[in-house]
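Novice: What would the 3D arrangement of this be:
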Amino acid sequence: VTLDENSNQLSLSGNLKIDFGNLTITGKTGLLDLKKESLLILGKPASIFSMDQTINGKADRLIIFPNLSIKMTGDAELFSEDRSIFSQNITYQINVND
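Specialist: Predicted coordinates for the structure are as follows:
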């Protein structure tokens, strides 16, 4: 973990596993940008899944915002309840009740 106070960015490296409420996010590296208010996770793939299986997905990169919207880019796959989406770019609003 490296904090750059000038840019207000926190760099994360190594095999990441972030537990956030019902969600688990994994990847190789990450960047928490306090100015942009975003969390970038890189993987090949990076993944997000919920403990109750309401959302599961993976992509080369995930960008998560405070309103719990997520951008998935690069070989993105998203499974939510009875829906499946496969694309190079997916934007999804995570329901706080998930």
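Novice: Tell me where this protein has helices.
Specialist: Read by DSSP state H, the chain holds no helices at all.
Novice: Please tell me how far the residue nearest to the spatial centre of the chain sits from Asp82.
Specialist: With distances taken as CA atoms, centre = their mean, the chain has Leu62 as the residue nearest its mean C-alpha position (4.0 Å). Using CB to CB, to the nearest Å, one obtains 22 Å as the distance from Leu62 to Asp82. Backbone N, C-alpha and C define where each C-beta goes, glycine included.
Novice: Pairing partners for Thr73 in the sheet, please.
Specialist: Counting by DSSP bridges, Thr73 is bridged to Arg61, Asn89.
Novice: Oops, could you answer that again for Ser11 instead?
Specialist: The partner residues for Ser11, given DSSP bridges, come to Thr2, Leu31.
Novice: Which pLDDT value belongs to it?
Specialist: Looking at Ser11, its pLDDT stands at 93.
Novice: just Tyr92 next, same as before
Specialist: The model reports Tyr92 with a pLDDT of 92.
Novice: Need the residues that contact the least confident helix or strand in the chain by mean pLDDT.
Specialist: Least confident helix or strand, the chain: strand 2-4 with a mean of 85, by mean pLDDT, DSSP states H and E. Applying CB atoms under 8 Å, 6 or more residues apart in numbering, the external contacts of strand 2-4 come out as 9-11, 13.
Novice: Only the buried residues of that strand, if you could.
Specialist: Within strand 2-4, no residue counts as buried by 16 or more other CB atoms under 10 Å.
Novice: What residues of stretch 10-26 count as buried?
Specialist: For stretch 10-26, by 16+ other CB under 10 Å, it's 10, 12, 16, 18, 23, 25-26.
Novice: so how many other residues sit close to the closest residue to Leu39 other than its chain neighbours?
Specialist: Excluding the flanking residues, the one nearest Leu39 by CB to CB, 6 or more residues apart in numbering is Ile64, at 4.6 Å. Residues within reach of Ile64, counting by other CB atoms under 10 Å, total 23.
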